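Peer 1: Sequence plus predicted model, see below.
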Amino acid sequence: MSEPRVHPTADVSPAATVGPGASIWHHAQVRERAVIGPGCIIGKGVYIGADVTVGANCKIQNYACVYEGNTLEDGVFIGPEVVLTNDRYPRAINPDGTLKGAADWELSGSRICYGAAIGARSVVLPGLVIGRWALVAAGSVVTRSVPDFALVAGNPARQVGWACVCARPLGADLACPACGRRYRLASESPAILEPAPGPESP
């Protein structure tokens with residue numbers, strides 16, 4: 001794989017790690033100790049906080065913010081202007097009026113699992129898990145963890161269905177009308193979806 005490409009206007013900390021084949025575009029900032037996996041695309045104006053880990057082949061679109069404490073597994077899509085937060089009780093100052101320092105807040109990032117996608121302008125609150133291949137509709141505010149393959153939407157985001165690995169909503173028969181892959185419920189309480197065995201399994 002080729003050397004990473006970093007646009008001259010991007011601000012990448014010398015203490016960050018950027019994998020081979022990754023691209024970091026105009027005015028993006030990658031903070032110290034962040035890890036950008038091989039093949040990733042970091043769009044214009046993206047902010048990657050300190051110590052954030054981004055797996056291989058992720059796409060983070062323009063002006064998204066991935067704050068300290070968040071982790072992206074391989075193949076994650078982060079839409080334009082998405083915000084992954086990290087502090088459930090944010091304040092600028094302590095009760096005595098002094099400015100909060102690094103030791104005065106509770107860091108609580110989220111994990112975005114393999115293949116998941118977060119739609120444009122969505123907000124993910126701290127301390128959540130967005131499951132494998134889950135799909136968050138654009139403009140959602142995610143306040144609780146999302147199961148594998150779940151399709152969620154709204155504010156607060158609620159599950160409205162299931163999504164295929166190709167991102168299309170599944171039908172009532174848990175088959176994808178676009179690619180034909182089939183799924184089955186592995187558990188009904190809480191509902192957990194898994195690929196059905198067969199040649200069309202992901």
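Peer 2: Right, received. Where do you want to start?

Peer 1: contact partners of the lowest-mean-pLDDT helix or strand in the chain?
Peer 2: The weakest-scoring helix or strand in the chain, judged by mean pLDDT, DSSP states H and E, is strand 191-195 (a mean of 80). Contacts to strand 191-195, defined as C-beta atoms under 8 Å, 6 or more residues apart in numbering, come from residues 147-150, 162, 174, 181-186, 201-202. (C-beta placed from N, C-alpha, C; glycine too.)

Peer 1: Kindly export it (C-alpha atoms) in PDB.
Peer 2: The C-alpha trace of strand 191-195 is given here as PDB (Å, rounded to 0.1, in the frame of the first residue of the first chain):
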ATOM      1  CA  ALA A 191     -33.800  -8.400  19.500                       C
ATOM      2  CA  ILE A 192     -30.500  -9.400  17.900                       C
ATOM      3  CA  LEU A 193     -30.100  -9.900  14.200                       C
ATOM      4  CA  GLU A 194     -27.600 -12.200  12.500                       C
ATOM      5  CA  PRO A 195     -27.000 -13.200   8.900                       C
END
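
Peer 1: got the buried residues for stretch 104-124?
Peer 2: The neighbour-count check on stretch 104-124 (16 or more other C-beta atoms under 10 Å) flags 108-113, 115-124 as buried.

Peer 1: Now name the helix or strand holding residue 74.
Peer 2: Of the helices and strands defined by DSSP states H and E, none includes residue 74.

Peer 1: Could you tell me how many residues sit around it?
Peer 2: 16 (other C-beta atoms under 10 Å).
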